[in-house]
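Undergrad: A structural model of the following input is requested.
(chains A and B)
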Amino acid sequence: MASTVRTPAASTRSTGRPKRRWGATVFGVLVLCVMLFPLYWMVNTALQPESGLLEVDPVPHGLDLSGFRSALTDQGGNLLTSLAVALGAVVICLAVSAPAAYGLAQFRLRGTRTIVFGTLITQMVPGIVIANALYSAYVDLGLVNSYAGLMLADASLGIPFAIVLMRSFMVAIPREVIEAAEVDGAGRFRTFVRVVLPMSRNSLITAGLFSFLYAWSDFMFALTLNTTDDVKPITLGIYQYIGAHVGDWGSVMAASVLSAVPAAVLLVLSQKYIAAGITGGSVK
Amino acid sequence: MSTTTAAPALVTAKTAKPPNPARVRRRRRLAQWGFIAPAVIFMALFFGYPLVRNIVMSFQDYAPSTFFTGESPFNGTDNWSKVFNDELFGKALVHTVLFTIGSLIGQFCVGLGLAVFFNRRFPLNGVLRSLILLPWLVPMVVSGVVWRRILDQDTGVLNSFLGTLGLGGDTPWLTSTSMALISVILVNIWIGIPFNMVILYGGLQEVPKELYEAASLDGASAWRTFRSITLPMLRPVITVVLVLGFMSTVKILDLILALTDGGPADSTQTLGTLTYQNSFVQLDFGAGAVVGNILILISAVFAVFYLRANRNEGK
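TA: Coordinates of the predicted model:
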């Protein structure tokens, strides 16, 4: 919607060669079609549940929702599991990384640089290595097949990123603002909650958004840290689905569509945070 | 420094009797560390511990029974020699190299091309640019499953499309040992394009426009401008993109499991999937740890590049 509003303004502003500009738009749309084709195909296949092992028609004939119905029946619980685990991971991630980001940005403690350095390093540890060691520790601690265990592991996917991202925002908070709050009698913790967090709202949203996406997309911890079906996120559910339902691609694709919905919703709701997150956390 | 000297003064002004400034400073330090401690503990448990544990495990004998008996005796370098003598390890190493390099080149070239393209002003630019991010946001397993359907030899849309064009149309994308790795690379390129595009686009936005104006005054060709201005100015960003791309590609597991499960005949087995196979399928965690350690070693080499790029980049 916003696009149709913006377009006329853009073309009146442009002084020369409006035709070539629209030529670029056509090319851009073409690129987009190629890039998004697999996602279109996912939706298309989901709406043709009867096709089974046959070829899929280029467009769905009607709205056959039986694929979605069976996907919801089979995978609805797993979707809820994913939601619960991802939200839990976001809470853990923010609770651990926001104070740390603040501390690393504003307190001049000895060892700060080492910790920032360590944070960067952790982003490079392959997940399967962590799972490998974590599994036996989880067995000992009784955390295998538990929500808490998976939330903690999934939070680890977002924490280094969140610290780096939020720290780069919090460095910019003027020291005077924080000192002023402390002069007014607020304790360090109150200053953090009442002053620092509201000022860093955007970076908190971005960090939360990404830790949600990381946790929602996680497959490896779901696969390795669970041995029963007690805690089964949607990613694991779909993976096991293709093993068991090769003939029923309609349902598999319907489940895939459902699992991709959060990503689509987040993209629409928070475009600017996503772009900021992709560039911010990695380059800075 | 200014805070540590100013702050005790504030505290003394507030409280009635002046306490020992050294003690105040120490207490203040302690409170400050309270903010950082949870993160340090968390990272020690979820990154530090696994790193150390993995090294220890690679010298231990893990069998399926270990998890019942709790016994995992040390066995010297048995795991290491077992892994190195297994020809699957060599294969997985080669596949990892091919997969990583192929993916990086593809993602980077297409991503750079799109970044340059979107750096021009045209209607709908912003909307198209953000929609292109979608493939990157979808869980990787899901992308893998969707592509598995598209690439199906008999009923997949890619082959039926190629058939309509008269270009064959019966390629066994995922089911032949010669094609599977190429297919997996192609799908991973598709996944990585948005990430490369966004970061490179961000880098392009930082290039001062005056440079291009000057170049066009000098009558430089588009290619010359790209080579002499765009590429050199982008260098730091390019380094970061490539190193981060390397880091995320070398350890990919989800995508390969969803597309091929490492098959057919281990033709898409990489170090990542081999670690998983050893540990969680064969329950030989010692052998899994060995492959995992090698994966870490490879990552560490590139981590050095990353940190150097980061240092040059940052303030």
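
Undergrad: CA only for contacts and neighbour counts going forward, please
TA: Fine.

Undergrad: Can you check the pLDDT for residue B:25?
TA: pLDDT recorded at residue B:25 is 83.

Undergrad: quick one: it and residue A:107, what's the gap?
TA: From residue B:25 over to residue A:107 the distance is 13 Å, taken as Cα to Cα, to the nearest Å.

Undergrad: Near residue A:121, how many other residues are there?
TA: Neighbour count for residue A:121, taken as other Cα atoms under 10 Å in any protein chain shown: 18.

Undergrad: which residues sit in contact with it?
TA: Each residue near residue A:121 by Cα atoms under 8 Å, 6 or more residues apart in numbering or on different chains is listed here: residue B:303.

Undergrad: So between residue B:25 and residue A:107, which is more surrounded?
TA: Remark: of residue B:25 and residue A:107, residue A:107 carries more neighbours, 18 against 15, as counted by other Cα under 10 Å.

Undergrad: my guess is residue A:104 contacts residue B:36, does it?
TA: Yes. Taking contacts as Cα atoms under 8 Å, residue A:104 lies within contact range of residue B:36: 7.3 Å.

Undergrad: which residues touch stretch B:142-155?
TA: For stretch B:142-155, the external contacting residues (Cα under 8 Å, 6+ apart) are A:38-39, A:41-42, A:53-56, A:235, A:238-239, A:242, A:249, A:253, A:256, A:259-260, B:135, B:156-159, B:170-175, B:187, B:254-256, B:258-259.

Undergrad: which one of residue A:104 and residue B:36 has more residues nearby?
TA: With neighbours defined as other Cα under 10 Å, residue A:104 and residue B:36 compare such that residue A:104 has more, 27 against 22.

Undergrad: pLDDT on stretch A:143-162, on average?
TA: Here the average pLDDT along stretch A:143-162 is 95.

Undergrad: do it and chain B meet?
TA: Yes. Stretch A:143-162 is in contact with chain B by Cα under 8 Å from any Cα of the partner chain, via A:153, A:156.

Undergrad: May I see the buried residues of that stretch?
TA: Of all the residues in stretch A:143-162, those buried under the rule 16 or more other Cα atoms under 10 Å in any protein chain shown are A:143-147, A:149-162.

Undergrad: Check stretch B:214-231 too.
TA: Going by neighbour count (16+ other Cα under 10 Å), the buried part of stretch B:214-231 is B:215, B:225, B:229, B:230.

Undergrad: Return the distance of residue B:187 relative to residue B:130.
TA: Distance, residue B:187 to residue B:130, using Cα to Cα: 20 Å.

Undergrad: Tell me which of these two has more neighbours.
TA: residue B:187 (20 against 17).

Undergrad: how far does the host helix or strand of the more buried one sit from the chain's center?
TA: Using DSSP states H and E, residue B:187 sits within helix B:180-206. Relative to its chain's centre, helix B:180-206 lies at 12 Å (Cα atoms, centre = their mean, to the nearest Å).

Undergrad: May I have the residues that are in contact with the closest residue to residue A:65 other than its chain neighbours?
TA: Spatial nearest neighbour of residue A:65, chain neighbours left out: residue A:47 (6.2 Å); criterion: Cα to Cα, 6 or more residues apart in numbering or on different chains. By Cα under 8 Å, 6+ apart, residue A:47 lies in contact with A:60, A:62, A:63, A:64, A:65, A:67, A:68, A:250, A:254.

Undergrad: What ranges does the stretch 151-284 of chain A have for its helices?
TA: A:175-183, A:188-191, A:197-199, A:201-217, A:220-224, A:234-244, A:249-269, A:271-283 (DSSP state H, counting those that start in this stretch).

Undergrad: Relative to chain B, which of those is closest?
TA: Among those, the nearest to chain B by Cα to the nearest Cα is helix A:201-217 (4.3 Å).

Undergrad: could you say what helices and strands the closest one packs with?
TA: If contacts are counted by 3 or more Cα pairs under 8 Å, 6 or more residues apart in numbering or on different chains; DSSP states H and E, helix A:201-217 sits against helix A:66-106, helix A:147-170, helix A:271-283.

Undergrad: Using JSON lines, lay out these together with distance to residue A:223.
TA: Below are those laid out as JSON lines (distance: least, Cα to Cα, whole Å):
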{"stretch": "helix A:66-106", "distance to residue A:223": "13"}
{"stretch": "helix A:147-170", "distance to residue A:223": "10"}
{"stretch": "helix A:271-283", "distance to residue A:223": "26"}
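
Undergrad: hmm, back to that, relative to chain A, which of the buried residues of stretch B:214-231 is nearest.
TA: Ranked by distance to chain A (Cα to the nearest Cα), the buried residues of stretch B:214-231 are led by residue B:230 at 17.9 Å.

Undergrad: For residue B:258, list the residues it contacts.
TA: For residue B:258, the contact set (Cα under 8 Å, 6+ apart) comprises A:239, B:141, B:142, B:144, B:145, B:148.

Undergrad: how about it, phi and psi?
TA: Residue B:258 adopts backbone torsions of phi -70, psi -30, taken as degrees, to the nearest 10.

Undergrad: So for it, what's the nearest residue that isn't a sequence neighbour?
TA: Spatially, and ignoring its direct neighbours in sequence, residue B:258 is nearest to residue B:144 (5.1 Å; Cα to Cα, 6+ apart).

Undergrad: for residue A:42, phi and psi?
TA: Here is the backbone geometry of residue A:42 (degrees, to the nearest 10): phi -60, psi -50.

Undergrad: and it, what does it touch?
TA: Residue A:42 neighbours (Cα under 8 Å, 6+ apart): A:253, A:254, A:256, A:257, B:146.

Undergrad: ditto for residue A:213
TA: For residue A:213, the contacting residues are A:86, A:263, B:137, by Cα under 8 Å, 6+ apart.

Undergrad: most surrounded residue in those residues?
TA: Going by other Cα under 10 Å, residue A:86 tops the contacts of residue A:213 with 25 neighbours.

Undergrad: give the contact list for it.
TA: So residue A:86 contacts A:151, A:154, A:211, A:212, A:213, A:215, A:216 (Cα under 8 Å, 6+ apart).

Undergrad: same question, residue A:66
TA: With contact set as Cα under 8 Å, 6+ apart, residue A:66 has these partners: A:49, A:251.

Undergrad: before we move on, back to that, comparing the helices and strands packed on helix A:201-217 by mean pLDDT, which bottoms out?
TA: Among the helices and strands packed on helix A:201-217, helix A:271-283 scores lowest, at a mean of 71.
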